[in-house]
Structure formats: structure tokens, C-alpha cells
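# Okay, predicted coordinates and the sequence, questions at the end:
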Amino acid sequence: MSPAEGAPEGVVPPQLLKGQKALVTGANSGIGKATAVGLGRAGADVVVNYVAGREAAEQVVEEITSFGVRAAAYEADVSQEDQVVAMMDRMVQEFGTIDILVANAGLQRDASFTEMSLAQWQKVLDVNLTGQFLCAREATKEFLRRGVVPEVSRAAGKIICMSSVHQLIPWAGHVNYASSKGGVQMMMETLAQELAPKKIRVNAIAPGAIKTPINRSAWETPEARQDLLRLIPYDRIGEPEDIAHAAVGLASDLMDYVVGTTLYVDGGMTLFPGFATGG
């Protein structure tokens with residue numbers, strides 16, 4: 001994509017994703033919401049997926065359409081194959097195609113290892129890992145059917161898997177979550193290897209500590225915030241918009257040569273700051 005006429009050198013054009021169609025799963029709150037809004041601000045038409053909370057999803061749609069692009073809210077449980085297939089079919093019918101998938105939907109069901117139930121283990125794997133597999137599979141079918149449209153993007157399609165620093169950092173009391181994110185990493189890299197010759201770019205974002213409703217207890221009080229900041233060399237807790245900016249960049253032709261990479265957006269958390277003064 002060439003820079004907008006008259007844009008200063010080095011400045012990202014405001015319509016970086018103009019004409020592209022994006023699907024963001026789990027997009028009615030937190031990181032998913034910020035990412036959906038960010039893609040819309042960059043010029044993409046956006047499908048906002050949710051499994052519960054239609055009113056919140058519709059509010060996200062309203063915010064996205066304020067940028068002069070299309071948006072719609074689709075209800076679907078990404079762990080259910082029939083619902084994912086139906087969602088993708090509907091998007092192709094109503095929006096014409098899909099260019100960008102951000103597989104963001106995820107959840108936690110925390111427990112110590114010996115107290116963790118099979119249901120807790122399975123639910124997290126079903127949504128966090130199988131859900132990404134199903135969405136990526138269906139999006140890829142459309143990418144392959146349509147192929148590259150040069151005036152839209154240099155790639156036939158872009159898949160961004162939402163992972164976590166816990167694909168690298170073990171997390172006691174969260175074995176199901178950490179295992180799901182480790183699986184996301186290897187799934188993403190394997191898909192990237194297989195699909196790159198088809199001009200489909202697959203990458204991942206691994207957020208660190210981000211201020212979202214799911215982890216409010218980790219940053220809301222001064223004491224909790226201070227404990228958390230000890231793990232973050234950059235000395236601030238991330239905002240959902242930090243992830244949105246990364247997703248817009250990865251989805252754009254500015255990063256057309258980035259394939260099979262995990263972008264850690266974590267303020268340095270994966271630098272293992274405990275070793276800064278010893279080890």
C-alpha cells in the first residue's frame with residue numbers, strides 16, 4: 001500500500017486498512033474491543049464477534065461506524081464448529097469476503113493443578129486453542145478461494161492469533177491457560193509455515209499485563225498495581241489500545257514480510273526482570 005498523497009515521510013496513512021474486511025472474535029470488551037475499534041479507525045469494515053453481551057457488542061459497532069466504515073455484531077461461540085462455519089458464511093455473504101482475522105476470544109478458569117476439574121481444563125482449551133483453529137481454518141478457506149487482490153492488500157489474507165506472555169512464562173495456578181497459549185504459539189507457527197506459500201500471513205500478538213476487566217484485581221488497588229509493576233521493566237501497565245496498535249500494524253502491508261512471528265507487547269515482562277540484579 002503506497003502512502004497517501006502528500007503524507008509526510010514516515011507517517012502512517014490514516015486509512016491504512018481501507019477497503020479491507022476484518023473479523024475480531026471476543027470483541028465486545030477489553031483487548032478485542034480496542035482491536036476492533038482500531039481496525040475500524042484504520043479504514044477496515046469490521047465484524048464484532050461476541051458470545052454474550054449483545055448490547056456491549058452493539059456499542060462497539062456504533063463506535064466503529066462513526067469512522068465511516070461498516071460494522072456488525074455477530075453472536076457465535078468460537079469453540080463450536082457449526083457456529084464458526086455459520087459466522088464465516090454470513091460474513092462472506094454480507095461483507096463480500098474476509099481479509100483479516102484477529103482470533104482474540106479467550107477466557108480463564110483458574111485453579112491449582114490438583115483442584116482443577118476436567119471441565120475447567122477442557123473449557124479453556126476449547127475456547128482459547130480450538131476456537132482459534134476453527135476460525136483460522138474457515139478464514140483460510142475464503143483467503144484461498146479469493147486469492148490476492150493487489151489493490152486491497154499484498155497478501156491473500158492475514159491471521160493474527162492472540163496469545164500471551166504465558167506462552168513463554170509458566171504460570172502456577174493457571175496450567176490450562178498457559179497450556180492453551182503454548183499451543184497457540186505452535187499452531188500459529190505451523191500455520192504460518194504451511195500457508196506462507198499461498199500468500200497468507202499468520203502471526204501472533206502476546207500481550208503482557210493489560211488493563212482489562214478480566215484482570216481488574218491485579219491492577220485496581222495501589223498495592224496490587226505496585227506488585228504488578230515489579231514484573232514490568234517499562235514501569236507501566238499496558239492499555240488495550242497498545243494491543244490494537246500492534247494488530248493494525250501486523251494486519252497492514254507495512255508488515256508484509258512479517259510471517260510466523262510473535263510480537264510481545266509486554267513492557268519488557270518477558271525479559272525476566274527478577275534477574276536484573278542477580279541470577
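Happy to help now that I have it.

# Where do the helices of the stretch 51-200 of the chain begin and end?
54-65, 81-95, 118-125, 131-146, 175-195 (DSSP state H, counting those that start in this stretch).

# I160: which of the ones you listed is closest?
Ranking the helices of the stretch 51-200 of the chain by proximity to I160 (C-beta to C-beta) places helix 175-195 first, at 9.0 Å. The C-beta positions use only the backbone N, C-alpha and C, and glycine is treated the same way.

# Run through the neighbouring helices and strands of that closest one.
Here helix 175-195 touches helix 118-125, helix 131-146, strand 157-162, strand 200-207, going by 3 or more C-beta pairs under 8 Å, 6 or more residues apart in numbering; DSSP states H and E.

# Which one, of these, ends up nearest to R41?
strand 157-162 (16.3 Å).

# picking up where we left off before, would you mind giving the helices of the stretch 51-200 of the chain as TSV with mean neighbour count added?
Formatted as TSV, the helices of the stretch 51-200 of the chain follow (neighbours: other C-beta atoms under 10 Å):
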stretch	mean neighbour count
helix 54-65	18
helix 81-95	17
helix 118-125	15
helix 131-146	20
helix 175-195	19
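
# so can I have JSON lines of those showing mean pLDDT and distance to S112?
What follows is the helices of the stretch 51-200 of the chain, written out as JSON lines (pLDDT from 0 to 100; distance: least, C-beta to C-beta, whole Å):
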{"stretch": "helix 54-65", "mean pLDDT": "98", "distance to S112": "32"}
{"stretch": "helix 81-95", "mean pLDDT": "98", "distance to S112": "32"}
{"stretch": "helix 118-125", "mean pLDDT": "98", "distance to S112": "11"}
{"stretch": "helix 131-146", "mean pLDDT": "98", "distance to S112": "25"}
{"stretch": "helix 175-195", "mean pLDDT": "98", "distance to S112": "9"}
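
# between those, which one is nearest to Q226?
Nearest to Q226, of these and by C-beta to C-beta, is helix 175-195 at 23.8 Å.

# still on that earlier bit, next, format the helices of the stretch 51-200 of the chain as TSV and append distance to R230.
What follows is these, written out as TSV (distance: least, C-beta to C-beta, whole Å):
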stretch	distance to R230
helix 54-65	33
helix 81-95	40
helix 118-125	27
helix 131-146	31
helix 175-195	20
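
# and G19, which of these is closest to it?
Using C-beta to C-beta, the nearest of these to G19 is helix 81-95, at 11.3 Å.

# What helices and strands are in contact with the closest one?
Under the contact rule (3+ C-beta pairs under 8 Å, 6+ apart), helix 81-95 is packed against strand 21-24, strand 45-50, strand 71-75, helix 131-146.
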